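Student: Pasting the sequence and the predicted coordinates here, then a few questions.
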Amino acid sequence: MAFEHRGFRVAVDVVPDEADVQWQCRAEIHGVEGRTVGVELPGVELAIPKLKIDVLMALSMVEHRAVTSIDEWHAEHLEAV
């Protein structure tokens, strides 16, 4: 799944681990518009127990962390200008 937020494209992937006990969640964040083009933020990686969290909640958690990372980047690099 992918979405865009404030000039960044976020690609999210959630898969079960080899033992099928955790969700392995990852988000890659790349700038695609305006002044973010060429900017690559550190990815978000989470391991979430499957017994406690369903796949949709795991996706939501990774998306939320990615959006927070983008908002922090904007606060540091663009809004200070």
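Tutor: Nice, thanks for sending it over. Residues are numbered from 1 along each chain as shown.

Student: Quick check: the gap between Cys25 and Gly7.
Tutor: 23 Å (Cβ to Cβ, to the nearest Å). From N, CA and C alone the C-beta is placed, and that goes for glycine too.

Student: Among the two, which residue is more densely surrounded?
Tutor: Cys25 (22 against 17; other Cβ atoms under 10 Å).

Student: Give the bridge partners for the more buried one, please.
Tutor: Assessed by DSSP bridges, Cys25 has beta-bridge partners Val14, Leu46.

Student: do the same with the one 4 residues further on
Tutor: When bridges are assigned using DSSP bridges, the partners listed for Ile29 are Val10, Leu41.

Student: Neighbours of it, how many?
Tutor: 23.

Student: Please tell me I have it right and it contacts Gly43.
Tutor: Yes: in this structure, Ile29 is within contact of Gly43 by Cβ atoms under 8 Å, at 6.5 Å.

Student: so where's the protein uncertain?
Tutor: 79-81 (pLDDT under 70).

Student: tell me the helices in it, going along the chain?
Tutor: Remark: helices assigned in the chain by DSSP state H are 55-77.

Student: Could you list which residues are in contact with Ala2?
Tutor: Arg9, Val10, Ala11, Val12 (Cβ atoms under 8 Å, 6 or more residues apart in numbering).
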